[in-house]
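[1] Sequence and predicted structure below; questions after.
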Amino acid sequence: MSSPTVHVDPARIIDEVDPRIYSGFTEHMGRCIYGGLYDPENQHGLIDPKTGFRTDVLDALKDLNVPLVSYRWQDGIGPRELRPRRPELAWLSEESNQFGTDEFIEWCRTLGTEPYICLNMGTGTLEDALAWVEYCNSSANTYYANLRRKNGHEEPYNVKYWSLGNEVWGPWQVGQMESQDYAKKAFQWAKALRLLDPSIKLISCGETGFADWDRVTLKKLAPVVDYHSIHLYTVSEGNHAVNVMGPAAAERGIEITRGLIDLAKIEGNLSKELTVCFDEWNVWDPVRAPGEKGAEEHYDLSDALAVAAWLNVFVRKADIVKIACIAQSVNVISPIITSPTGLFRQTTYYPLQLFANLMQGSSLDVFVSAPSPDTFYNGPTVPKFVQDLTSHTPDNSKLTKYVDVSAVLAADKKEVRVAIVNRSDTEAFTVPILFGPAVSVSEDIKVHEVWSDNIKESNTFGAEKVKAVVKDVKFTGSYELKKHSFQGI
């Protein structure tokens, strides 16, 4: 069997990797907030008694170097005992609003991350949105700025990132809209919000990047937004290959969105920066983890490899993807699961940790050869178009190569770091890694490996069987990739 070859040239820089591609996401869904980030009734010494924040969760998230966290809110300001308890119609639950805007901002400051707030364009009004921005950002002598002061917060929060709605295209949304209607409304909201605070960054509500919704909304909103949001979740359907090949759909979606952004700029005669905010992504099978039941996925090694493949996509697309938020940060389709007495890190935690800490710097244009049909996958994919496209693509450009790679040149320009996923569940590969001319490669390298002999291996409380293992290795020009493995070299 032929092995693929990885070509890495430190001179072929794509762009700087934006640390914000390793961001998180929180939502009032399941146990993400209550029992996750915030657990004021906890009796096991796991909270800050002043704030009710879970300190073990904060420590686990700090290890991920989370630069930005997205959040959605309605009525959570003022004294907690006066906050309204409301039906939460999206997930058929109730919202107590005990963890609201002020708590979210304080939690972000404690974590050392930047807040990103999603405005309610479903049941909310422009007046509500303006009030929220004023509450967070205004230093004027006006009602909502003074209300923030009354609630004990003299200085503005200066929240920079604001999303113009979330998945407004979805049939599960209360206030679902057609693309043209959303675009017209969001355009007017953007104008008004910038009059109140010209410094904010606005994110338009996209779909998947490969939907007509994205074309319509970008055409209208490109002049007034800074980022275009897209969302995608990949599934396994019990098939490892389907699981790990799914992120190829996101890569195509990003490329299509790049083209739609360029088209909107050309048609609108625009000269401005407008990039992708991939602010919901993950492996999520809603059959095995229904949203209305809290969406608590329990991930295995296959899922960890899928997450690593997702992160490879974001590094490779560093020139257009500037923000990406794994959904969600705790308990709900999350790398961290809590109980009243502790937490455990899921298999998916470890590739995210390795990328966030190691894959910083300049993204490099990596080429992986596919010398024979047994180096890429030819079976069914979800979505189906991944295989439809790749079946008519030259072998060396296949979307479904088993060896999936990204690379960065570290900030000191002295170290190249390579992230490699062997997506095959049956074959190991001895992979030559070739560097550009005039590159001196040390014989002694450090490898961070996520692997188990059992692809279905998962973690639980007191038994984290899948984690990152650090090894010192002698590099002789090739590296032995175990089947179904991830390594950062």
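    The structure has been received and is ready for your questions.

[2] quick one: the helices in the stretch 151-300 of the chain?
    Applying DSSP state H, counting those that start in this stretch to the stretch 151-300 of the chain gives helices spanning 179-196, 212-221, 240-245, 247-268.

[3] Single out the most deeply packed of those helices.
    Most buried of the helices of the stretch 151-300 of the chain, by mean neighbour count (mean count of other CB atoms under 10 Å): helix 240-245, with a mean of 24. Every C-beta, even on glycine, is put in place using the N, C-alpha and C of the backbone.

[4] Would you agree residue 449 falls within a helix?
    No: remark: residue 449 does not belong to a helix; assigned using DSSP: H, G, I helix; E, B strand; the rest coil, it is strand.

[5] Relative to residue 382, how far out is it?
    From residue 449 over to residue 382 the distance is 28 Å, taken as CB to CB, to the nearest Å.

[6] Repeat that for residue 327.
    Separation of residue 327 from residue 382 (CB to CB) stands at 18 Å.

[7] Tell me which of the two has more neighbours.
    Under the criterion of other CB atoms under 10 Å, the comparison of residue 327 against residue 382 puts residue 327 first, with 22 against 18.

[8] what's the neighbour count on residue 11?
    Residue 11 has 11 neighbours, counted by other CB under 10 Å.

[9] List the residues that contact it.
    By CB atoms under 8 Å, 6 or more residues apart in numbering, residue 11 lies in contact with residue 436.

[10] can you pull the pLDDT of it?
    Turning to residue 11, the model gives it a pLDDT of 95.

[11] same check, this time on residue 29
    On pLDDT, residue 29 comes in at 88.

[12] Is it correct that it is in contact with residue 294?
    Yes: the criterion here is CB atoms under 8 Å, and residue 29 meets it with residue 294 at 7.4 Å.

[13] List the residues that are in contact with both of those two.
    With CB under 8 Å, 6+ apart, residue 29 and residue 294 have common neighbours residue 332.

[14] Show the residue spans covered by the strands in the stretch 251-400 of the chain.
    Counting by DSSP state E, counting those that start in this stretch, the stretch 251-400 of the chain has these strands, from start to end: 275-283, 321-327, 336-339, 342-345, 362-364, 367-368.

[15] what would these look like in CSV with distance to residue 306 and mean pLDDT?
    As requested, these are exported to CSV (distance: least, CB to CB, whole Å; pLDDT from 0 to 100):
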stretch, distance to residue 306, mean pLDDT
strand 275-283, 5, 98
strand 321-327, 12, 98
strand 336-339, 17, 98
strand 342-345, 17, 98
strand 362-364, 20, 98
strand 367-368, 18, 97
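
[16] can you put those in JSON lines and add distance to residue 197?
    Output for those, formatted as JSON lines (distance: least, CB to CB, whole Å):
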{"stretch": "strand 275-283", "distance to residue 197": "19"}
{"stretch": "strand 321-327", "distance to residue 197": "19"}
{"stretch": "strand 336-339", "distance to residue 197": "33"}
{"stretch": "strand 342-345", "distance to residue 197": "37"}
{"stretch": "strand 362-364", "distance to residue 197": "32"}
{"stretch": "strand 367-368", "distance to residue 197": "44"}
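
[17] For residue 81, find the nearest of those.
    Nearest to residue 81 among these is strand 336-339 (25.7 Å), distances taken as CB to CB.

[18] And the nearest residue to residue 381 once chain neighbours are set aside, how close does it get to residue 246?
    Distance criterion CB to CB, 6 or more residues apart in numbering; nearest residue to residue 381, sequence neighbours excluded, is residue 387 at 4.4 Å. With distances taken as CB to CB, residue 387 is found 11 Å from residue 246.

[19] out of the two, which sits in the more crowded spot?
    Taking other CB under 10 Å, residue 387 and residue 246 do not tie; residue 246 has more neighbours (23 against 20).

[20] OK, contacts around the residue nearest to the more buried one when sequence neighbours are not counted?
    Nearest residue to residue 246 in three dimensions, chain neighbours excluded: residue 234, at 3.0 Å (CB to CB, 6+ apart). For residue 234, the contact set (CB under 8 Å, 6+ apart) comprises 243, 246-247, 249-250, 282-284, 306, 310, 382.

[21] and for residue 387 and residue 246, which residues touch both?
    Here residue 387 and residue 246 have residue 381 as joint contacts, going by CB under 8 Å, 6+ apart.

[22] measure the most far-flung residue of the chain relative to its centre to residue 134 for me?
    Going by CA atoms, centre = their mean, the residue of the chain most distant from its centre is residue 141, 37.5 Å out. Distance, residue 141 to residue 134, using CB to CB: 11 Å.

[23] Pull the number of nearby residues for the nearest residue to residue 121 once chain neighbours are set aside.
    Spatial nearest neighbour of residue 121, excluding adjacent residues (CB to CB, 6+ apart): residue 165 at 3.2 Å. Residue 165 is flanked by 24 other residues according to other CB under 10 Å.

[24] Okay, residue 165 and residue 181: tell me how far apart.
    12 Å.

[25] could you give the mean pLDDT of stretch 69-86?
    72.

[26] Would you mind measuring the gap between the ends of that stretch?
    End-to-end span of stretch 69-86 (CA to CA, to the nearest Å): 24 Å.

[27] next one: stretch 64-71
    Terminal-residue distance, stretch 64-71 (CA to CA): 18 Å.

[28] Any chance you could list what contacts it?
    If you take CB under 8 Å, 6+ apart as the criterion, stretch 64-71 is touched by 19-20, 22-27, 104, 108, 111, 113-118, 161, 163, 279, 323, 325, 329, 335, 349, 352-353, 356-357.

[29] repeat for stretch 125-143
    With CB under 8 Å, 6+ apart as the test, stretch 125-143 has contacts from 73, 77, 101, 105, 117, 119-121, 144-145, 147-148, 155-159, 162, 188-189, 192-193, 196-197, 199-200.

[30] got it, and stretch 390-404?
    Contact with stretch 390-404 is made by 4, 6, 244-245, 248, 251-252, 308-309, 312, 367-371, 373, 375-378, 381, 386-387, 389, 420-424, 427, 429, 431, 481, as judged by CB under 8 Å, 6+ apart.

[31] change it to 7 Å
    With contact meaning CB atoms under 7 Å, 6 or more residues apart in numbering, stretch 390-404 is reached by 4, 245, 248, 309, 312, 368-370, 375-377, 386, 389, 420-424, 429, 431, 481.
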